[in-house]
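Asks: Provided below for reference: sequence and predicted model.
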Amino acid sequence: MAEDEVRDLIRSVARRGTALGVSTLPEEIRHNLSHSRHAGGHRIATASVLRRRLTPVFVAAIVLAVFFVPVPHVSLFNRLVAPTKSSTVPSTVPSTSSTSPGSSGPSLAGIDGPAAWALSATQLSVSDDGGLDWSAVALPAGVDAGGVTSVVQAPNGELFLAAVKGSTVRLYRKASSTSAGWSYTTLVPSWSSAATGFAFQTSSVMITPGPTGMVTVVVTDELSHTEAIPRLFVSLDDGATFRQYPTPARSNLNRYWSSVTFITPASGLVVSGTGAGGKEALFHTSDGGTSWTPSTIAGLQASANVAFGTPFAEGSDIDLPEVTSSSDGAETLSLYVSGDDGATFTGPIGRAVSAPNSLSPLAVRGQSLWVVHGDKVYKSANDGQTWTVVTTAGLPEISAMSLTSASTATAVAGTSSCAKFKTDCTSDTYFVRTTDGGQRWNILSDVPTGTAVPVSGLTVGPIWPVGANTVWAEWGQNLPGGASGGAQGLERSTDGGKDWTDVTPPGLDRQVGDHFITDFYALDTDHAWVTYGGVASNALQTVASTSDSGRHWKVEGRSPSTYGCELQFVTALDGWCAAIGAAAGSEGVDLYRTEDGGKHWRLVSDTGPTTGSPGSLPFGCDKNIQFVSPSVGWAVFSCNGGGPAPLYESTNGGRTWVSREVTKPSGLFGYGGFAGVPALVGADGAVGYTFQLNGSTRRTVVYVSTDAGASWHAVAPPGRAEGWLVDTMTPLHWRLVNGDHILATDDGGRTWHTITSNVSFNLFYDFTSPGPPVVDFVTNEVGWIVSTSGAGTSLWRTTDGGSTWRRVVVNGHKSEP
Amino acid sequence: MVREEDAHEFDVLYRRLLPRVMGQAYAMTGNRAAAEDLIQEAFGRAWVRWSRVRRLQNPEAWIRRVMLNQAISDWRKASRPNLFDPGTQAGGEPDVDALWLAQSLRRLPRNQCRAVVLHDAAGMTVPEIARELHVPAGTVKSWISRGRAALALLLTDSKEDVRHGRG
């Protein structure tokens, strides 16, 4: 059978499975669960009880659905709705949900001059120095972060925040982040459900401060992908009182407004969007918003698809960035200018430049003019007469930007993907900064946006903390459809993750041919290894190493197993590569050994289903092998049922293995596994172990030894049965992490204290995945957590023993070649 | 106290994801009832911790991951698929392909199994899988490629086993 036949077979089986349908109603799952939880059980009622027949129509629908799942695309969303400086990344509501807006909880962030703001799942933080230093601001009483639909900080420090209450919007305001309390005004959109038969619903709120004393709020009901009903509120007294302006009954004004820009209290402009591939329209008012008329843009092709950036004032003129896309897909970026408050625009001024993709342009005026479009930064020092184009590596989608000098800018970057146009969106927001005119953008760490995936399309992992301050990370860029050619690399930080250095081996910066990085192991601050090669099933892998912190790499030799093995080293010369294969439940092991840093390998132990080398590990159970010295290694197991899983030790570099005596604590049953390899000092040892009792009920113990590892007995942490991720730093110092609690002991479990963290970790307890430690306390104060649950891998670091964790953002950016 | 909007949100997610995850569940189990159990288990877990799951960027990935891990854990408990309750095709014939597949998948290296299931059965793209399994795309590609190659061999063997009722 060929590989593509395998793929087709799996697909056809999956398709048949989909066609079988699932008849269980979600109500039944919820209902059954709420009952069984009280009864102490967890397993949900079996399918046979709940199964019902599906109608043929539904079956047909889901068969189609599984093969035409909308591919999430990085959408125009962020930029269309929030394209410029005084704007925010708005939250959206899945179109299928009737819950209150913002409850799906994407973080909100923005920047406007020196003012920057970020709303995480738990708190609002603001910065008045362009995103470098942050302070927390208490939310209004009765409003939690999930209930905030929009937040904006004006350059003068004024804060505005919108929360939807039923059909009305509460606009909260405070004069600065440090002033006491919030005041609010209630905005009541004049939606009449009686007149249309629709039940209107506020889907988004856009707050735009300025000019002085003026605040505009657009409350929008998004009806569909292209239709929306906006309601405009204008305040001329800094948000204390608002007047609502009826939206004129112009079909292309009743759209999604991506920006409202008032140049003076009387004259303003609205960019009204018409959806993907469509035309945007520009309207202006000269009576403060009472009436709107289309702006005339001389030189613009009437029939073309156009997208506008947010207009901005330039002296007495107004500049308008614009992108035209022609039917053949070519796009040009131009700048138009108006001298009459936006009634008419002429242009393009200067040279139009071809633009790479269909995103609306973001232009920001500082000492020079920057237009960000796709992965290019267009810079002009002469009002658009001439442009310098800077191509950036891995530039994420920018939703707002602030220029601080000719070469320095801070921006809000968003990774936004939508299942459908502008709906079902998830977004991840963070701050990036360039100091070299836009070539390289570094992610500002320590910004409390609280989200996980750092850069659009990049996967970060594995992350290897080594010691208190040094951390290595491997990353790769994921191109749409899994295409080859994406960037990849290694980065290294020596200051706890603040600054990163690109240490990618030369020639391995792209995922092409036989240059895919397939494995990475960091031993200490200086020594690390990679394997690279092709990704075909039998492709040879090359081993390369560095001994000078990644400055130089040298090829050592070939990886010993074409099957794929996992590298590990305990010294610069002594290493192993373990090919652990064949299955959940039982695993064969081919263990290879090198004593010259990876040049030469020999098979030292081999476990198969029926045969094995003398003294080799048993075939049964999942296993994870880690060496602690050139001679001593541990094989920790996780097994189904019976428990506990065995623990094996080798004292001859993995050639033979001896089972150590593990005494199961009484009253515990179920399968389980070890949290890592034992910490052993002299006669004393400790290692964590978690029993999976039933369903999601777990019980973690720490096995201790007082006879140099020959036998082990359990010490139970205090409190109720629960699963902890255990880090046995030494035989006496243990740290157990679950959620936002850390159980700590410094005397081998005789006395414990609890540390409450500022972050609740949703750590996934996975018995079967070896890799870098999930929880790694280096000292009593400094610790790392690599969280690999939820949306991605994120790295956290504490320097105060676990009370305060700060997220460390791995760059994932390449410096320019 | 169950909030009505939570329940609604959960139901919407369930209905939206169901078609996508059923294919994956069936491919992993080769058995309709087991597939449904798997789905109910995963969604049940999601509901128990709904306040957290609903805030995830990608609840679907969470559900898929729980299903995958649950299936692997179930594989540990039962060493072979249940040959007495095979899936059936539309015509009522036993779905022998599904049995071959379920039986062979469990003999793959764990990472290869995950990558192949998520790619070929759940229809996820390489970048999506890379994000979900927290490894670079190149690694995912190599897992898929190696996993398929291993499956090609295993499927030929297990086809014989199923025919002879050996499991």
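Replies: Good, I have the coordinates. Numbering: from 1, shown residues only, chains lettered A, B, ... in the order given.

Asks: What average pLDDT does the helix or strand where residue A:568 lies get?
Replies: Applying DSSP states H and E as the criterion places residue A:568 in strand A:566-569. Strand A:566-569 comes out with an average pLDDT of 89.

Asks: And for the helix or strand following it, what's in contact with it?
Replies: As assigned by DSSP H and E, the chain's next helix or strand after strand A:566-569 is strand A:575-581. With CB atoms under 8 Å, 6 or more residues apart in numbering or on different chains as the test, strand A:575-581 has contacts from A:521, A:529, A:559-561, A:563-569, A:587-594, A:597-598, A:601, A:623-625, A:627, A:633, A:654, A:770, B:108-109. (C-beta placed from N, C-alpha, C; glycine too.)

Asks: Direction included, what does strand A:575-581 pair against?
Replies: Strand pairing for strand A:575-581, determined by DSSP bridges: strand A:566-569 (antiparallel), strand A:588-594 (antiparallel).

Asks: Highest mean neighbour count out of the ones you listed?
Replies: Neighbour counts (mean count of other CB atoms under 10 Å in any protein chain shown) averaged over each of those peak at strand A:588-594, with a mean of 23.

Asks: can you give me the mean pLDDT across it?
Replies: 87.

Asks: what's the angle from the next helix or strand after it to strand A:575-581?
Replies: Following strand A:588-594 in sequence order, the next helix or strand is strand A:602-607 (DSSP H and E). With axes from the mean of the first three to the mean of the last three CA atoms, to 10 degrees defining the directions, strand A:602-607 sits at 30 degrees from strand A:575-581.

Asks: now for strand A:602-607, which elements pack on it?
Replies: strand A:588-594 (3 or more CB pairs under 8 Å, 6 or more residues apart in numbering or on different chains; DSSP states H and E).

Asks: Contacts made by the strand it packs on with the rest, please.
Replies: Taking CB under 8 Å, 6+ apart as the rule, strand A:588-594 contacts A:560-561, A:563, A:565, A:573-582, A:600-609, A:616-617, A:619, A:623, A:625, A:653-654.

Asks: Filter those residues down to just the buried residues.
Replies: Neighbour-count burial (16 or more other CB atoms under 10 Å in any protein chain shown) applied to the contacts of strand A:588-594 gives A:560-561, A:563, A:565, A:574-582, A:601, A:604-607, A:616-617, A:619, A:623, A:625, A:653-654.

Asks: Can you verify residue B:41 is assigned to a helix?
Replies: Yes: counting by DSSP: H, G, I helix; E, B strand; the rest coil, residue B:41 is part of a helix.

Asks: That one - how many residues pack around it?
Replies: 23 (other CB atoms under 10 Å in any protein chain shown).

Asks: what is the closest residue to residue A:722 other than its chain neighbours paired to in the beta sheet?
Replies: Leaving aside its chain neighbours, residue A:722 sits nearest to residue A:738 (5.9 Å; criterion: CB to CB, 6 or more residues apart in numbering or on different chains). Applying DSSP bridges to residue A:738 gives these bridge partners: residue A:741.

Asks: Next, count neighbours for the residue of the stretch 1-150 of chain A at minimum distance from chain B.
Replies: Nearest to chain B in the stretch 1-150 of chain A, going by CB to the nearest CB, is residue A:17, at a distance of 2.2 Å. Residues near residue A:17, counting by other CB under 10 Å, number 28.

Asks: Using the three-state scheme, assign it.
Replies: helix.

Asks: do the same with residue A:700
Replies: Residue A:700, by the three-state scheme (three-state DSSP), is strand.

Asks: List the beta-bridge partners for it.
Replies: Under the criterion used (DSSP bridges), residue A:700 bridges to residue A:690.

Asks: And residue A:390, by the same measure?
Replies: Residues in beta-bridge contact with residue A:390 (DSSP bridges): residue A:377.

Asks: Could you do residue A:229 as well?
Replies: Assigned bridge partners for residue A:229, using DSSP bridges, are residue A:221.

Asks: Let me see the confidence value for it.
Replies: pLDDT, read off for residue A:229, is 76.

Asks: Now whichever residue of chain B sits closest to chain A: closest residue in space, sequence neighbours ignored.
Replies: As assessed by CB to the nearest CB, chain A sits closest to residue B:26 within chain B, at 2.2 Å. Take residue B:26 and drop its neighbours on the chain: the residue closest to it by CB to CB, 6+ apart is residue A:17, 2.2 Å away.
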